[in-house]
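**Q** Fold the following.
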Amino acid sequence: MLRIGIIACRDYWKTGCPGYQTHILCFLAQEKKQGPLGELEGARIVSMQPCPGCPGNYRLDLARRMVAREKVDYFVFPSCLFFNNHCPTAVSQAEAITAATGRPVLLGSYLEATAARSCASVIIKPGDIPSLTECRQHLLNLNYIRYLYDKQAGTTRKALPIMTLLQMA
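**A** Take a look at the predicted model:
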């Protein structure tokens, strides 16, 4: 198993991938075997840490800690690091990490770094991520089923099978 450590941009750490507000795309790339990260055979993400901050001079220290603590075999700089050439020191820092730790650094997780440089935001919509509207509808459905169950259980105090609830709805 190849142990992956992701060093994410501190600017995007709290908000996640630009346009997604989560750090899900790196994990989806690995799980769905898509993008540069998905092409690494036997890869498993074991650590994800934010860069200590611009200009990224302490990434090497962070990488050394990840190797010592999580036994990271391979580093990834995520695609969002390269959007609009967001991090001009990424390539030189990747080379420094490889030279010092002996572990390679993959530039880009779900998009190649060269392709990501021309992007301003994430426009990928994987089919497995429901839209906000779909999430709200699922939540409303679950609340309605719970309401029906509480209403029925309150009067008869008898267990009601879920299929009966779905038929009532």
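
**Q** which residues in this protein form strands?
**A** 2-8, 43-50, 74-77, 105-107 (DSSP state E).

**Q** List of residues touching the shortest one?
**A** Put plainly, it is strand 105-107. Here strand 105-107 makes contact (CB atoms under 8 Å, 6 or more residues apart in numbering) with 36-37, 40, 74-77, 82, 90-91, 94-95, 97-98, 113. Any C-beta I mention is one placed from the backbone N, CA and C, and that applies to glycine too.

**Q** Recalculate using a threshold of 6 Å.
**A** P36, F75, V76, F77, A94, I97, T98, A113 (CB atoms under 6 Å, 6 or more residues apart in numbering).

**Q** What of stretch 77-91?
**A** 6, 8-9, 12, 17-18, 26, 55-56, 107-111, 113, 116-117, 119-120.

**Q** what do you get for stretch 28-35?
**A** Here stretch 28-35 has contacts from L37, G38, A43, I45, S109, Y110, P126, using CB under 6 Å, 6+ apart.

**Q** Of the residues you listed, which belong to helices?
**A** Cross-referencing the contacts of stretch 28-35 against helices under DSSP state H gives L37, G38.

**Q** List the buried residues of stretch 92-111.
**A** Using 16 or more other CB atoms under 10 Å as the test for burial, stretch 92-111 gives 93-94, 96-97, 101, 103, 105-111.

**Q** Ok, stretch 49-61 next?
**A** For stretch 49-61, the neighbour count (16+ other CB under 10 Å) marks Q49, C51, G56, R59 as buried.

**Q** Ignoring the adjacent residues along the chain, who's closest to the second one?
**A** Which is C51. Residue nearest to C51 in three dimensions, not counting chain neighbours: R10, with 4.8 Å by CB to CB, 6 or more residues apart in numbering.

**Q** Alright, I will stop here.
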